[in-house]
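In: Next input, structure requested:
(one chain, ligands or ions: 1)
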Amino acid sequence: MVKLASRMETLPPYLFAALDERRRAVEARGVDVISLGIGDPDMPSPPVVVETVQREAARPGNHRYPRYDGLPAFRTAVARYYLERFGVHLDADREVLTVIGSKEGLAHLIWAYVEPGDVVLAPDPSYPVYSAHAALAGGEAYHLPLSAANGFLPDLDAIPEEVLRRAKLLFINYPNNPTGAVADRPFLERAVDLCRRYGILLVSDAAYVEMTLEGESAPSILEIPGAKDVALEFYSLSKPFNMTGYRLGAAVGNPAAVAALGRVKNNTDSGQWNAIQYAGAAALEHDPQDFFSRMNALYRQRRDKLCLGLRDLGWNVPLPRATFYVWAEAPGGDDRAFAEQLLDAGVVVVPGSGYGSCGQGYVRMCLTVGEQEIDRVLERLGALSPVLFAR
Ligand SMILES: *Cc1c(COP(=O)(O)O)cnc(C)c1O
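Out: Numbering: from 1, shown residues only. Here you go, the predicted model:
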């Protein structure tokens, strides 16, 4: 066998790939498994998205390579959406870049900035991509603990001076996966201020900015005055528009960061298919707020059903204000053992330690299954409840 690059030693198997494997093993025993695992919407994308892809797929002009910097129609639609939704002005040419899903953009951004010895400030728990690529690029992730006690907002004042001086990137992700927390404006202001003082690029992962369940409106980092000097935001169409399979998002904000990411991408991929970018533009232009409010109402119903049902069983789970994730302390305290017990009973939940060591003792459950399945989850956990949830 050819010896793998030593950097591969830093790269764990992707959390959900490992989880899928365990799930298949249980299914092979004949258990029909219900997954509250990966955050992948079960509902269809808006009809205008499907119609646009179909129409654009039939046009031979779209069968060729797309433009490197992204389709102007999509970038313009993103800029218009940012103006209407957040009051943020973006230059569609210099401050908006199409990405093949924000996962791709986040990963490649790290390669533009991080070299051996650099520090990347990443929340713990968090989406695994930030730390994985920081390590691959030879950098060092410095973890910012998120806990219920701090409202799942990192304590920026607790980062040592020496770490701040070596830091290149600060990742924030609100509304937050996996905790469901929403950041307030004062926190975002402190983050912008810190990054300005230390010359750090603030990377805002806004995958859930439209997914709030109590009628509140989550802010973009770019609403903070001066944020564009220090911040790049990743907007994703995946979760809010039920478009995870299409692979479409945008990097917006600081023009130097947009250009740097573009340079890595031009040398790596050749962009997203035009038909999909036209579909994304159509999604953003056809009353997106109406679609979001219908989806959020659906998730709110599911959340109430699952969380209140679990509370009735003796598991006191909190109700998230945002995202479609329930982040709850695992009864018994061992998240992996608890997730295994549930998997044996036919329910997939994600052990919190997969999101970092501060996720230990928690599990994440995703609201991307219908109410009937939630009923079956409650039945299955109900049958186990004398074992799992000592009252
Ligand atoms: C799902 C998710 C993403 C990835 O979204 P894509 O645009 O589909 O790549 C990025 N960040 C977080 C926090 C997510 O949960």
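In: Which stretches in this protein count as helices?
Out: All helices of the chain, identified by DSSP state H, fall at 15-28, 47-57, 72-86, 102-113, 129-136, 161-166, 185-198, 255-266, 274-285, 288-312, 335-344, 371-388.
In: I'd like to know how far A92 sits from the ligand.
Out: 19 Å (CB to the nearest ligand atom, to the nearest Å). Backbone N, C-alpha and C define where each C-beta goes, glycine included.
In: surely that residue meets R75?
Out: Yes: counting by CB atoms under 8 Å, A92 sits close enough to R75 to count as a contact (4.2 Å).
In: if we can go back for a sec, now the helices of the chain as CSV including distance to A328 and mean neighbour count?
Out: Formatted as CSV, the helices of the chain follow (distance: least, CB to CB, whole Å; neighbours: other CB atoms under 10 Å):
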stretch, distance to A328, mean neighbour count
helix 15-28, 17, 14
helix 47-57, 33, 16
helix 72-86, 31, 19
helix 102-113, 25, 22
helix 129-136, 23, 22
helix 161-166, 31, 13
helix 185-198, 23, 17
helix 255-266, 35, 18
helix 274-285, 32, 24
helix 288-312, 8, 17
helix 335-344, 10, 18
helix 371-388, 12, 16
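In: Make a markdown table from those and add distance to V2 and mean pLDDT to it.
Out: Below are the helices of the chain laid out as a markdown table (distance: least, CB to CB, whole Å; pLDDT from 0 to 100):
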| stretch | distance to V2 | mean pLDDT |
| --- | --- | --- |
| helix 15-28 | 22 | 83 |
| helix 47-57 | 39 | 98 |
| helix 72-86 | 40 | 98 |
| helix 102-113 | 23 | 98 |
| helix 129-136 | 18 | 95 |
| helix 161-166 | 34 | 97 |
| helix 185-198 | 41 | 98 |
| helix 255-266 | 26 | 97 |
| helix 274-285 | 35 | 98 |
| helix 288-312 | 46 | 98 |
| helix 335-344 | 33 | 93 |
| helix 371-388 | 44 | 91 |
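In: Distance to H63 for those helices - can I get that in a markdown table?
Out: Shown next, in a markdown table, are these (distance: least, CB to CB, whole Å):
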| stretch | distance to H63 |
| --- | --- |
| helix 15-28 | 32 |
| helix 47-57 | 9 |
| helix 72-86 | 17 |
| helix 102-113 | 22 |
| helix 129-136 | 31 |
| helix 161-166 | 47 |
| helix 185-198 | 42 |
| helix 255-266 | 21 |
| helix 274-285 | 9 |
| helix 288-312 | 28 |
| helix 335-344 | 44 |
| helix 371-388 | 39 |
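In: I'd like to know which of the ones you listed is closest to the ligand.
Out: Closest approach to the ligand among those (CB to the nearest ligand atom): helix 102-113, 3.3 Å.
In: Next up, the contacts around the residue nearest to R376 when sequence neighbours are not counted.
Out: Residue nearest to R376 in three dimensions, not counting chain neighbours: I34, with 6.1 Å by CB to CB, 6 or more residues apart in numbering. Counting by CB atoms under 8 Å, 6 or more residues apart in numbering, I34 makes contact with G346, V347, V348, V369, E373, R376, V377, R380.
In: returning to that earlier point: just tell me which of the helices of the chain ends up closest to V326.
Out: Of all the helices of the chain, it is helix 288-312 that lies closest to V326, at 6.2 Å by CB to CB.
In: to the chain's geometric centre, what's the distance from the closest one?
Out: 18 Å (CA atoms, centre = their mean, to the nearest Å).
In: and the stretch 101-250 of the chain, which of its residues are near the ligand?
Out: 101-103, 127, 173, 177, 205, 207, 236, 238-239, 244, 249 (CB under 6 Å from any ligand atom).
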